[in-house]
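1. Whatever this is, show me its structure:
(chains A, B, C and D)
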Protein chains: 2
Amino acid sequence: MVTLHDVAARAGVSPATVSRVLRGQTVVAPATRARVMEAVEGLGYHPNIMAQGLRLGRGNQVALLISDIEQAVYASLTKHLQEALQSIGLELLLFNLDHNADRLKGLLERAPSLRLAGVVIASSDPLDLKVLKPLIDQLAAQEIQVVAVGQNLSRHGIPSVFHDDAAAARTAVAFLLQRGYGPVAYLGRTSQSAIGRERFKGYRQALADAGLEATDDLVWSWESRYRYQAGYEAFMTAIGRGVTVRGVLGASDELAIGAMAAAADRGFHIPKDIAIIGFGGIEVGEHARPALSTMSSDPRGVGAHVREVLLAAREGRKVPMRLTLDRQLVIRQSA
Amino acid sequence: MVTLHDVAARAGVSPATVSRVLRGQTVVAPATRARVMEAVEGLGYHPNIMAQGLRLGRGNQVALLISDIEQAVYASLTKHLQEALQSIGLELLLFNLDHNADRLKGLLERAPSLRLAGVVIASSDPLDLKVLKPLIDQLAAQEIQVVAVGQNLSRHGIPSVFHDDAAAARTAVAFLLQRGYGPVAYLGRTSQSAIGRERFKGYRQALADAGLEATDDLVWSWESRYRYQAGYEAFMTAIGRGVTVRGVLGASDELAIGAMAAAADRGFHIPKDIAIIGFGGIEVGEHARPALSTMSSDPRGVGAHVREVLLAAREGRKVPMRLTLDRQLVIRQSA
DNA sequence: CTGAAAGCGCTTACAG
DNA sequence: CTGAAAGCGCTTACAG
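-> Here you go, the predicted structure:
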């Protein structure tokens, strides 16, 4: 392994000077700088990240704590986040929470010993702030920047970037109602998930706007994961109970696609008999048949904003506390 | 931050002793051990990963170099790999290659300075071993274990875990032929991807088994990403040229689903007019309508094997050079 | 503008 | 069984 000392020896300077050239914070004579750079290139030197991190009390890694990487919106977020971080020299340490609150807590506890530059929490689950807040404060004390993605935790002093889910749900349901697709059911979590809560709120608002009410039989509150099978089963169960609907708002595209499959299996024509709108804008929705109408999301925007927060923290600037991203109604075939 | 010294002070021993207790390699008097452990618990001590890594010349992180995290099979692999690594105290550093060969090269070059415990290469792209081999040898010299996932690089001395893609493709095509779904087209990469090459080989073998030939019009060699849109366009293009097929083997489930959408849009009934089989066993295939028949994959098996390789390397045992995983034909509705 | 020195928090060979 | 000491590879305050 080539070390700083090797570079210094080759350039005929002290290790301190090499370090100065590389960090670029201090003035170094141009001629010296040139010799050092030549040695760096010549030897193919890369600084030892561990030594750097130990010395600076700070690494260049950001932990991404994510609910479920197998959900397409999270995979997409991960991709864009990694790209955004890489552009400012940060690496991505991935932890799949699998919706496990204890894992989240454990990771937050370990963050200081990992000398993380930041922690990104991308969880759709409700967070127990009573437990988490002290841990997060501890991170703040060590200048480990925490960012929440997907849910708004800014009232707890945590910079957040999230979509306006209540507004999006309201838009989707209003669209369904206006096209004559009432009654509209809500398919998804209503309380076990912070995000689900927002979407459900928007759903009820849209109904209220139309003078309607969210009766029990219209709320297919599937308190399990946001996956295809849950959507399938929820639809089957409701239809089995004799519920009549003409529209469905799925709180995720996966749920919506599962519901579409169930509807097809029961002989319903989509959208003629039942119209369906999902949430997330995942790629497969475009190639489902019928193609899934959905409320899009903006993973690139999320990545860019997290980058901005981290950059601001690093440079000692004021960190933006919240950014609300819009979702667009993408109309395809299912509604 | 609680350090080793704090623990030592509280337990009334030297830092060296605390370290010995924690590492568990040396004998420590039971009474001393107990006092140390009490102090560790009491202070909530976690060792500084950077200091440990610097001292040991080795971190506990494994880099996952992955083609495209947005492809569901890769997201799934990532999940299982992270879980497997975590079970042996390793962390996952994620790098999305985006099919970029230069990024792969750059990452391999940086691996030593990151003091990685291992590097997992999960790429579907053809690797330029002339360029990569020297870099990988350099990693070996520093005891950074490299593992290839998805393609067989064992002939280059790189431990590999992969599916038997040629056999799987052969099975799928034989099934199609036997059910009377010939002629069968191959949809996917044939040369630009190591994995595609294997699948294409199996396709040709199955045709040869039946005394058939892979004529040009049957090979929809879409040398772009393994995504839905590519499958859609390839199907449309072929049909537009007047090609007649009754079966399609998609080299990925995404390609297959894209082709199904195109077939549906052109008024073909699946599987009556055209039967389709995909590759990967991704979750959405089960809830597509018609549900996608596919050759499954085994991400859990991959994760477990990578773990085993890393464990063997760590313990100085002989590292298994290759493991071939089988794919199962999952028959649903599309074939 | 540059060098010598101290120290980040660990681990382990060396003594005892 | 345990402690003192050296050193992993960096960075930066301190001198000059």
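
2. any idea how far residue A:27 is from DNA strand C?
-> Distance check for residue A:27 against DNA strand C: by CB to the nearest atom of the strand, to the nearest Å, it reads 3 Å. Placement of C-beta: from N, CA and C, glycine included.

3. And residue A:106, how far from residue A:65?
-> The spacing between residue A:106 and residue A:65, counted by CB to CB, to the nearest Å, is 10 Å.

4. Output the below-cut-off pLDDT ranges for chain A.
-> For chain A, residues meeting the criterion pLDDT under 70 lie at A:223-226.

5. returning to that earlier point: who has more neighbours out of residue A:106 and residue A:65?
-> Under the criterion of other CB atoms under 10 Å in any protein chain shown, the comparison of residue A:106 against residue A:65 puts residue A:65 first, with 21 against 13.

6. which ones are touching that one?
-> If you count contacts by CB atoms under 8 Å, 6 or more residues apart in numbering or on different chains, residue A:65 has them with A:95, A:97, A:104, A:107, A:108, A:119, A:120, A:121, A:122, A:123.

7. Against residue B:125, how distant is the nearest residue to residue A:80 once chain neighbours are set aside?
-> Nearest non-adjacent residue to residue A:80, counting by CB to CB, 6 or more residues apart in numbering or on different chains: residue A:303, 3.6 Å away. Residue A:303 is 24 Å from residue B:125, where distance means CB to CB.

8. Compare those two and say which is more crowded by neighbours.
-> Taking neighbours as other CB under 10 Å, residue A:303 and residue B:125 compare with residue A:303 leading, 24 against 20.

9. what helix or strand does that one sit in?
-> Following DSSP states H and E, the helix or strand that holds residue A:303 is helix A:299-314.

10. Buried residues in the next helix or strand after that helix, which are they?
-> Under the assignment DSSP H and E, the closest C-terminal helix or strand after helix A:299-314 is strand A:322-325. Within strand A:322-325, the residues scored as buried using 16 or more other CB atoms under 10 Å in any protein chain shown are A:323, A:325.

11. could you point out which element follows strand A:322-325?
-> Later in the chain than strand A:322-325, the nearest helix or strand by DSSP H and E is strand A:329-330.

12. just checking, what packs against that following strand?
-> Applying 3 or more CB pairs under 8 Å, 6 or more residues apart in numbering or on different chains; DSSP states H and E, we find strand A:329-330 packed against helix A:165-178, strand A:293-296.

13. Would the last one count as contacting chain B?
-> No - applying CB under 8 Å from any CB of the partner chain, one finds strand A:293-296 out of contact with chain B, separated by at least 14.0 Å.

14. Just checking: what are the partner strands of that strand?
-> Here strand A:293-296 has these sheet partners by DSSP bridges: strand A:275-280 (parallel), strand A:329-330 (antiparallel).

15. Now that strand: buried residues?
-> Neighbour-count burial for strand A:293-296 [16+ other CB under 10 Å]: A:293, A:294, A:295, A:296.

16. And the strands in chain A?
-> Ranges of strands within chain A are A:61-66, A:91-96, A:118-122, A:145-149, A:160-163, A:184-187, A:219-220, A:247-250, A:275-280, A:293-296, A:322-325, A:329-330, based on DSSP state E.

17. could you check the angle strand A:91-96 makes with the third one?
-> Right, strand A:118-122. 40 degrees (axes from the mean of the first three to the mean of the last three CA atoms, to 10 degrees).

18. Name the residues that touch strand A:118-122?
-> A:62-67, A:74, A:77, A:81, A:90, A:104, A:107-108, A:111, A:127, A:139, A:144-150, A:153, A:158, A:306, A:310, A:313.

19. residues of it that come out buried?
-> A:118, A:119, A:120, A:121, A:122.

20. Check the offset of it from the chain's centre.
-> Taking CA atoms, centre = their mean, to the nearest Å, one finds the center of strand A:118-122 at 9 Å from the center of the full chain.

21. repeat for the first one
-> Averaging C-alpha coordinates over strand A:61-66 and over its chain gives two centres that are 11 Å apart (CA atoms, centre = their mean).

22. And for the last one?
-> Here the centre of mass of C-alpha atoms in strand A:329-330, compared against the chain's by CA atoms, centre = their mean, lies 20 Å away.

23. got it, and stretch A:99-106?
-> Taking CA atoms, centre = their mean, one finds stretch A:99-106 lying 16 Å from the centre of the chain it belongs to.

24. Tell me who's in contact with the closest residue in space to residue A:115 that isn't next to it in sequence.
-> Leaving out its chain neighbours, the residue that sits closest to residue A:115 by CB to CB, 6+ apart is residue A:59, at 4.3 Å. Applying CB under 8 Å, 6+ apart to residue A:59 gives the contacts A:49, A:52, A:53, A:114, A:115, A:116, A:117, B:50.

25. And residue A:59, its phi and psi?
-> Here is the backbone geometry of residue A:59 (degrees, to the nearest 10): phi -90, psi -170.

26. Relative to residue A:91, how far out is it?
-> Distance from residue A:59 to residue A:91, by CB to CB: 8 Å.

27. Equivalent analysis for residue A:268, please.
-> From residue A:268 over to residue A:91 (counting by CB to CB), the distance is 48 Å.

28. I appreciate the help and will end here.
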